[in-house]
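Chemist: Pasting the sequence and the predicted coordinates here, then a few questions.
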Amino acid sequence: MVGINPTLMTQLINGMKRVSGTIPDVGLQVERTLTSLDIPLWGPTPLRAIGHQMSEQIPVLQGRLDLILATPDRKSGKGGILWASESDWLSKSPAEGAASAKTLVTKLREQIKGHSVDAKTVAEIERHKNDPYFALAFAKEIPPRELKALINRAYGAGLPPSDRPSQRDVRTQDRLATMLSKILGTASHGVGGMKLADDYADQLVDDIENPQDAFAVKRLLQDGDFDHTFLLNVVRKLYDKDVAHPPDPSLPRDTWAMPGPKDISPGDLSPMGTALIALAHHPAVAQDFFTDPQRKPLAYLMRKHHWDGDADADLGWAIEVASTDFRDHDLPPGNSRGYKSALIASWAVRFWSDAKVQANLPHTSAHLGTVLAHYTGDVHRATQSFSKEVAGVVTDQDPDKNLHGVEPFGALFDAKDIKKAMTWAFADDDAFQTVTAAHGLYSAKMLDELAGKIAGEVKADFTAWQKSHPEATQQQLDAARQDILEERMSRSGGAEFARATRGLSRTTWAITDAANIANIDAAKADDARFAAFKEAAEKVVGLAPGPQGKFVGLLVDEAKGMIFGKVKSSHESQARADADTALGVAKHMFTDLTAAAMMRHGLFGDGSPPAETHPYKHKDFSPGSDGHFIANGEIRPWDEMTAAQRRAYEEWLSLNSTGRVFEGPSSAIALGFKEAEENYGNGS
């Protein structure tokens, strides 16, 4: 590995340029002075030689700097140092790179003349995929027009369709196309004296309306690691050509002109269709493209562009990474990638709520589900308001005041748009499960934080009471603590906790309703989506709330696996009384989440000696009994309980004594569902 600090090296090079030009002048002045004093000089002065040596070293240093900057797999280190592996630089100089490129290009041209390429030649090219000297020389040796023709000829372009290779016979051609993409990616990072021609992007997209050229460009862009500026420039040019000549799906395809293997569709060959995978691989480029203020491409691509095959899934993928890969709140909007993420998410969800967009992008529902999951706090906020909202970004200093810490920039969602988008997306089980898991995790995190806050209030009040009652007995201390706990659960932190359960219940109703299972009848009780929702309800208590300050969206995949990745429960015969309806299941889910958070923070009182509100007050629920539903101080998830434990748990929840601390949250859950059904349900 070699490392260099580009800033310091640039300063050194600039300084040497100034000094190397000044030293000869100083040497000349010294010579004149000594000559005027009749002091003889034999040969050139040392100063002149030093200046000459410095001048010779400047190109060497600049070349070293350019080489590291042009290495695509370089890594940033401490102190601004960039590290790169010399092992990838098979060519040790521009001349060596040019010689290797010329040799391999000659081989390639000869083989492609016969519409073939051998694996040995491709393997030789593969060795140079991260070699900047070779990549630049290769790109210059084969200009874009010839490069595109070479790729197509390898797949049989110019031959009758019956003579072209089939999909199973183009493994070597596919390897070649992948390597050419990676080499072009390496070449695109060139800087200074090592860079592609200024008009390379123009040459690349020239004649893109030709299916053969479009196929080649698509292959050249989909695997390489490209320089940000280069790829953004190419994508913008492709977009402009797409808008100028939008694809016409009614035009017949000429089988002679179709590129690639004879027995498989080449996919979408519109100008923008060639760029979608590259955008998905380069989230920052996708962001800067989608937020282009002049072009505003998101509306065109989602609303107007016709996509062949499943190319719309690639667009969904690109939108997903552009709106979720970067989340921050430590930079002002103008410099923040997190701001752009939220802006793209907000506009994309608004477009996704349109039935025409849904019909145009049928393969993107899973991507929409992921976007909603990453912005689950914003979905929650939208379902609370039941009001219209203009697409945009939540730029408040604290975008989600319901959670501790500062969350990333949030997206503004309209409540009706959210419902329409979710209703469509949830036809896909993956989208439904992703959003369900995200909301469960968000709810667990919020309730856990609030339960911890109440526990802190109780502890502070109890400490103050102890100080004012130094002679109190243990029995009096236990009674005082329980009184404080019950009083706190009815006001301040307890009221905030109840309010949270009420609001989260609204969002749960909205998700349940959007999945078309809210009014499921007994005849459909075995519906797959309903069964998945019941699985979520049984396992959501087992979700870890996540550390404070940890962004919920980063934990969604783990939560989804926790809820839906396990073997289905074998306790169907032990289902709750009203679990044949989705709303009944949802209410139980939130009851369990709430009770679990309260138990985790001691809000049901101490277990020893047991408080009136703690399960251990009753022998039937205590350790050693069949109905012991506590494990390691926490309530077991429903799917891990035995039949006796389930009966004991439900009986304990319904006890009058338990209601001394649980009545507020329990009533709030019921109220939240009722409000959602009355307001959100009727506002569609």
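Modeler: Arrived safely, thanks for sending.
Chemist: I'd like to know how far Phe629 sits from Glu651.
Modeler: To Glu651, Phe629 is 10 Å away according to C-beta to C-beta, to the nearest Å. (C-beta placed from N, C-alpha, C; glycine too.)
Chemist: Next: Thr291.
Modeler: 56 Å.
Chemist: of those two, who's got more company?
Modeler: Relative neighbour count places Thr291 above the other of Thr291 and Glu651, with 18 against 15, counting by other C-beta atoms under 10 Å.
Chemist: Now do the same contact list for the closest residue to the more buried one other than its chain neighbours.
Modeler: Excluding the flanking residues, the one nearest Thr291 by C-beta to C-beta, 6 or more residues apart in numbering is Lys340, at 5.3 Å. By C-beta atoms under 8 Å, 6 or more residues apart in numbering, the residues touching Lys340 are 287-288, 290-291, 322, 326.
Chemist: how much space between Lys340 and Trp424?
Modeler: 25 Å.
Chemist: And for Lys539?
Modeler: Taken as C-beta to C-beta, the span from Lys539 to Trp424 is 26 Å.
Chemist: Also Val205?
Modeler: 34 Å.
Chemist: With His404 instead?
Modeler: 34 Å.
Chemist: Wasn't Ala342 part of a helix?
Modeler: Yes. Read with DSSP: H, G, I helix; E, B strand; the rest coil, Ala342 is one of the residues of a helix.
Chemist: For His404 and Trp424, work out which one has more neighbours and name it.
Modeler: Each of His404 and Trp424 has its neighbours counted (other C-beta under 10 Å); Trp424 has more, 23 against 17.
Chemist: and the more buried one, what does it touch?
Modeler: 352-353, 355, 358, 365, 368.
Chemist: Most neighbours among the contacts of Lys340, which one?
Modeler: Ranked by neighbour count (other C-beta under 10 Å), the contacts of Lys340 have Ala322 at the top, with 30 neighbours.
Chemist: give me the element the closest residue to Ala366 other than its chain neighbours is part of.
Modeler: Distances taken as C-beta to C-beta, 6+ apart put Asp430 closest to Ala366, at 4.7 Å, once the chain neighbours are dropped. Element membership for Asp430, per DSSP states H and E: helix 429-468.
Chemist: Isn't Gly605 up against Tyr616?
Modeler: No. Assessed by C-beta atoms under 8 Å, Gly605 is found out of contact with Tyr616, at 9.3 Å.
Chemist: Of those two, which one has the most company?
Modeler: Gly605 (22 against 19).
Chemist: three-state assignment of the more buried one?
Modeler: coil.
Chemist: ok, and the closest non-adjacent residue to it?
Modeler: Ala611 (2.6 Å).
Chemist: Give me the residues contacting stretch 314-322.
Modeler: 273, 276-277, 279-280, 283, 286-287, 290, 298, 301-302, 307, 340-341, 344, 348, 361, 363-364, 366-368, 370-371.
Chemist: end-to-end on stretch 251-269?
Modeler: 13 Å (C-alpha to C-alpha, to the nearest Å).
Chemist: Could you give me the buried positions within it?
Modeler: Buried residues in stretch 251-269, counted by 16 or more other C-beta atoms under 10 Å: 258-262, 266-269.
Chemist: Which pLDDT value belongs to Ala536?
Modeler: You'll see Ala536 listed with a pLDDT of 81.
Chemist: Pretty sure it sits against Met589.
Modeler: Yes. At 7.0 Å, Ala536 and Met589 qualify as touching, with contact defined as C-beta under 8 Å.
Chemist: Settle it for me: which of those two has more neighbours?
Modeler: Met589 (27 against 24).
Chemist: what sits against the more buried one?
Modeler: Per C-beta under 8 Å, 6+ apart, neighbours of Met589: 440, 508, 536-537, 540.
Chemist: swap in Ser91?
Modeler: 97, 100, 128, 131, 133-134, 137 are the contacts of Ser91 under C-beta under 8 Å, 6+ apart.
Chemist: For the stretch 501-650 of the chain, which segments are assigned as helices?
Modeler: 528-539, 556-564, 582-600, 643-654 (DSSP state H, counting those that start in this stretch).
Chemist: any chance of those in a markdown table, plus distance to Gly633?
Modeler: What follows is the helices of the stretch 501-650 of the chain, written out as a markdown table (distance: least, C-beta to C-beta, whole Å):
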| stretch | distance to Gly633 |
| --- | --- |
| helix 528-539 | 19 |
| helix 556-564 | 20 |
| helix 582-600 | 7 |
| helix 643-654 | 15 |
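Chemist: before we move on, the earlier item: let's see the pLDDT reported for the residue nearest to Thr291.
Modeler: 96.
Chemist: For it, give its distance to Asp414.
Modeler: 20 Å.
Chemist: One more: Asp310?
Modeler: Taking C-beta to C-beta, one finds Asp310 at 28 Å from Asp414.
Chemist: Of the two, which one has the most company?
Modeler: Asp414 (20 against 13).
Chemist: which residue packs closest to that one, ignoring adjacent ones?
Modeler: Closest to Asp414 by C-beta to C-beta, 6+ apart is Glu389, at 4.4 Å.
Chemist: quick one on the thing from earlier: so which of the contacts of Lys340 are in helices?
Modeler: 287-288, 290, 322 (DSSP state H).
Chemist: would you turn the contacts of Trp424 into JSON lines with pLDDT, neighbour count and distance to Phe462?
Modeler: Shown next, in JSON lines, are the contacts of Trp424 (pLDDT from 0 to 100; neighbours: other C-beta atoms under 10 Å; distance: C-beta to C-beta, whole Å):
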{"residue": "Trp352", "pLDDT": "98", "neighbour count": "26", "distance to Phe462": "51"}
{"residue": "Ser353", "pLDDT": "97", "neighbour count": "22", "distance to Phe462": "50"}
{"residue": "Ala355", "pLDDT": "96", "neighbour count": "9", "distance to Phe462": "57"}
{"residue": "Gln358", "pLDDT": "97", "neighbour count": "21", "distance to Phe462": "55"}
{"residue": "Ser365", "pLDDT": "97", "neighbour count": "23", "distance to Phe462": "51"}
{"residue": "Leu368", "pLDDT": "98", "neighbour count": "28", "distance to Phe462": "48"}
